[in-house]
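**Q** Build me a model:
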Amino acid sequence: MSASVRHVGASVLEELPGDLPRTVLAVSDLHLGEGLDRETRRHCRRENFFGDAVFKALLAKNDPEATWLVLNGDTFDFVRITAKPGSERDWKLWAQMLKDIGAPRSVDELRGMCRGEHPYGLGTQDYESVWKLLAVRRGHPVFFRALQQWVLRGGTILFLKGNHDLELFWPAVRLAIRVLIRAHAAPAARRVHFRQRGFHLRNLYFEHGHRFERTTAVHGEARLGDRRRLRLPFGSLVNRYVINKLEGIELFFANIKPLKRLLKSLLRRHPLKSLRIGLPALRFLPRAVRAYGTRVWEAAVCVGFPVVWLAALAAVVVKVCREASIYGYVSRGGVALIALILLIPVLVPVVWMTLRKRRYPAGEDESAAGVWKTLTNKHEQREFERQYGVVGHTHVADVQVLRPLDGQPPPPGAEIWYVNTGTWAPRFEEKRPDLMGRVVHSVVRFQLVGKEYRHECFEWTPPGAVYTPAVLFEPTCGT
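**A** Predicted coordinates for the structure are as follows:
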């Protein structure tokens, strides 16, 4: 059967296979990081993915020859990788991988290039991103072996780029992934595909969805002016320079979604620690100016608010102390003013949330509204009964039929369905206290029924009672 496939975006890397799969399996937001230390059996404190064995069981349960596996963005969390080569073996493995993908550099060259790197980890140049991928592979060997077996058994994999794995932009990184899963030569190479933005497959449209959120969308060219580094969105800069440090203090802090609520929680719960971490991070402000121009106020608020707040508090305390030394007591007004200043980290988020309430043309959030805008009046949807917009990014698994909320009649053609593939990372949602800290292995399966796909949503839990390894973390960092 011939597939109706259309690529979205200017960068089309490869042609998809010509036959429609009977089943499409979609997962997203796995966020593989540095993973498990093989010797200590402890996890990196910034790790979010503990489902290597569960993922392997999921692939083993499905027929690879009839199934496409769609990894719908944020499969790898390059933003959280701060590890740098340590042992001689690390340097040699890195140099060997670069040689294998046709970008050879000697160990001495790599040492020279990495000299003076700051504690936030390596940058986003292609050879640096290859090292980060190797760090992920070292901590998640079972995951990579599962992908390798899937391809060897005849399965097809489609990697979509998210805001945490923007490094999939680099051909060197894509080729390194192929090497790691033994899919760099024919015929396996024809079964591993990468997409920079999204793609249509019959009545399915896949995209990670980060471009629908202003703080995680990449504005402008993918590469910075020097063309050797990537343009990270504001949210990734906050993760790299602030949140990674905070997760050394409080586990899973970055799992608070969306980014706006994370920043409010940061200022409310850790004002002093955010100041201590945020002040050194001021060095990224010039980069934010170059990358975002007028949007730099967001970065300034992120690292500058604790400074302003503490300065205001110090000024009030000094004033009150002077009054106390003059009059022998602290006035009621002085006490009230100190109380007000202390409440600012609580009041500011409340006021912000009140003023920032938005109404969307369809759906309940920016992600659903983005799907509506993308798929409305598309020619592809008119030949189907139902058109799916499949995204991830928000970490909230969801299915809903999108209809205009402003009283306007729906556009002609298929119904537009919004499907969110959720996450395999621990979830922290205020609206779902029952899921606080839980890992829900969200899977969306699409089955071909006639000429169209229909969805099924699952929480994948492999059968059988087995001993589950304990999850241990590295000790708290010194920040």
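
**Q** Only C-alpha atoms from now on, for both contacts and neighbour counts.
**A** OK.

**Q** how near is Trp94 to Gly123?
**A** Plainly put, Trp94 is 15 Å away from Gly123 if you go by Cα to Cα, to the nearest Å.

**Q** Those two: who's more crowded?
**A** More crowded of Trp94 and Gly123, by other Cα atoms under 10 Å: Trp94, with 25 against 19.

**Q** pLDDT at Arg182, what is it?
**A** With respect to pLDDT, Arg182 scores 92.

**Q** Specify the local secondary structure of it.
**A** Taking DSSP: H, G, I helix; E, B strand; the rest coil as the rule, one finds Arg182 in the coil state.

**Q** can you pull the contacts of it?
**A** 148, 188 (Cα atoms under 8 Å, 6 or more residues apart in numbering).

**Q** Kindly report the same for Val440.
**A** Contact analysis of Val440 by Cα under 8 Å, 6+ apart lists 423-427, 459-460.

**Q** So of these, which two are at opposite extremes in space?
**A** Arg427 and Trp460 (15.5 Å; Cα to Cα).

**Q** Out of the two, name the residue with the larger neighbour count.
**A** Counting neighbours by other Cα under 10 Å for Arg427 and for Trp460 shows that Arg427 has the greater number, 24 against 16.

**Q** Double-check the more buried one against Ala397; I have them as touching.
**A** No: with contact defined as Cα atoms under 8 Å, Arg427 does not count as touching Ala397 (10.6 Å).

**Q** Run through the neighbouring helices and strands of the helix or strand hosting Glu128.
**A** Using DSSP states H and E, Glu128 maps to helix 126-139. When contacts are defined as 3 or more Cα pairs under 8 Å, 6 or more residues apart in numbering; DSSP states H and E, helix 126-139 sits against helix 88-100, helix 171-180.

**Q** That helix - what's its average pLDDT?
**A** Helix 126-139 carries an average pLDDT of 96.

**Q** same question, stretch 142-153
**A** 96.

**Q** If you count neighbours, what's buried in that stretch?
**A** Buried positions in stretch 142-153, judged by neighbour count with 16 or more other Cα atoms under 10 Å: 142-152.

**Q** again with stretch 394-402
**A** Neighbour-count burial for stretch 394-402 [16+ other Cα under 10 Å]: 394-399, 402.

**Q** hmm, which two among the residues you listed are most spread apart?
**A** Taking Cα to Cα, no two of these sit farther apart than His395 and Leu402, at 19.0 Å.

**Q** neighbouring contacts of the helix or strand Ala368 falls within?
**A** Assigning secondary structure by DSSP H and E places Ala368 in helix 366-375. Outside helix 366-375, the residues within contact range by Cα under 8 Å, 6+ apart are 209, 212-213, 360-363, 381, 389, 391, 394, 402, 416, 418.

**Q** From the residues you listed, which shows the smallest pLDDT?
**A** For the contacts of helix 366-375, the pLDDT minimum is Gln381, 54.

**Q** burial of Asp19, as a residue count?
**A** Neighbour number of Asp19 under other Cα under 10 Å is 12.

**Q** Test for you: state the pLDDT assigned to it.
**A** 78.

**Q** I'd like the distance from it to Asn48, if you could.
**A** Counting by Cα to Cα, the gap from Asp19 to Asn48 is 35 Å.

**Q** Likewise for Phe473?
**A** 11 Å.

**Q** Compare neighbour counts for those two and give me the winner.
**A** Neighbour count, other Cα under 10 Å: between Phe473 and Asn48, Asn48 has more, with 27 against 18.

**Q** Contacts only, for the nearest residue to that one once chain neighbours are set aside.
**A** Using Cα to Cα, 6 or more residues apart in numbering and skipping residues adjacent in sequence, the residue nearest Asn48 is Ala425, 5.1 Å away. Neighbouring residues of Ala425 by Cα under 8 Å, 6+ apart: 29-31, 48-50, 255, 439-440.

**Q** circling back to that earlier point, which member of the buried residues of stretch 142-153 is positioned nearest Arg190?
**A** For those, the nearest to Arg190 is Val151 (9.7 Å; Cα to Cα).

**Q** what ranges do the helices span in the stretch 1-150 of the chain?
**A** Taking DSSP state H, counting those that start in this stretch to define them, one finds helices in the stretch 1-150 of the chain at 52-61, 88-100, 107-114, 126-139, 141-152.

**Q** again, but for the stretch 151-300 of the chain
**A** Taking DSSP H, counting those that start in this stretch as the criterion, the stretch 151-300 of the chain carries its helices at 171-180, 234-238, 244-246, 259-269, 271-278, 285-292, 296-327.

**Q** how is the protein carved up into domains?
**A** 5-217+361-459, 234-355 (automatic domain parsing).

**Q** Those domains: lowest mean pLDDT?
**A** Going by mean pLDDT, the lowest-scoring of the domains of the chain is domain 234-355, which has a mean of 63.

**Q** Touching, Ala414 and Gly389? I think so.
**A** No: taking Cα under 8 Å as the definition, Ala414 is not a contact partner of Gly389, at 11.9 Å.

**Q** what about those two, which has more around it?
**A** Gly389 (24 against 21).

**Q** Within its sheet, name the partner strands of the helix or strand hosting that one and how each one runs.
**A** Gly389 belongs to strand 386-391 when elements are defined using DSSP H and E. Looking at strand 386-391 with DSSP bridges, its partner strands are strand 204-207 (parallel), strand 415-420 (parallel).

**Q** before we move on, the earlier item: closest to Leu180 out of the buried residues of stretch 142-153?
**A** Distances from Leu180 to these, taken by Cα to Cα, are shortest for Phe144, at 7.1 Å.

**Q** Which residue is the nearest non-sequential neighbour of the closest one?
**A** Ile181 (6.0 Å).

**Q** again, but for Phe458
**A** Going by Cα to Cα, 6+ apart, Phe458 has Val443 as its nearest residue, at 5.1 Å.

**Q** Check whether that neighbour really touches Asp29, as I assumed.
**A** No: Val443 is beyond contact range of Asp29, at 11.1 Å (criterion: Cα under 8 Å).

**Q** neighbour-wise, which of these two wins?
**A** Using other Cα under 10 Å, the more surrounded residue of Val443 and Asp29 is Asp29, with 28 against 21.

**Q** from memory Val151 sits against Ala188, does it?
**A** Yes: Val151 is within contact range of Ala188, at 6.3 Å (criterion: Cα under 8 Å).

**Q** check contacts around Asn48.
**A** With Cα under 8 Å, 6+ apart, Asn48 has these contacts: 30-33, 252, 424-426.

**Q** swap in Gln96?
**A** Pro104 are the contacts of Gln96 under Cα under 8 Å, 6+ apart.

**Q** Can you tell me how far it is from Ile181?
**A** 16 Å.

**Q** do the same with Leu237
**A** 30 Å.

**Q** now Lys373
**A** The value you get for Lys373 to Ile181, if Cα to Cα is used, is 36 Å.

**Q** before we move on, what about Val444?
**A** 23 Å.

**Q** picking up where we left off before, of Lys373 and Ile181, who's got more company?
**A** Shown here are Lys373 and Ile181; by other Cα under 10 Å, Ile181 has more neighbours (20 against 14).

**Q** Pretty sure the more buried one sits against Leu147.
**A** Yes: using Cα under 8 Å, Ile181 is in contact with Leu147, at 6.2 Å.
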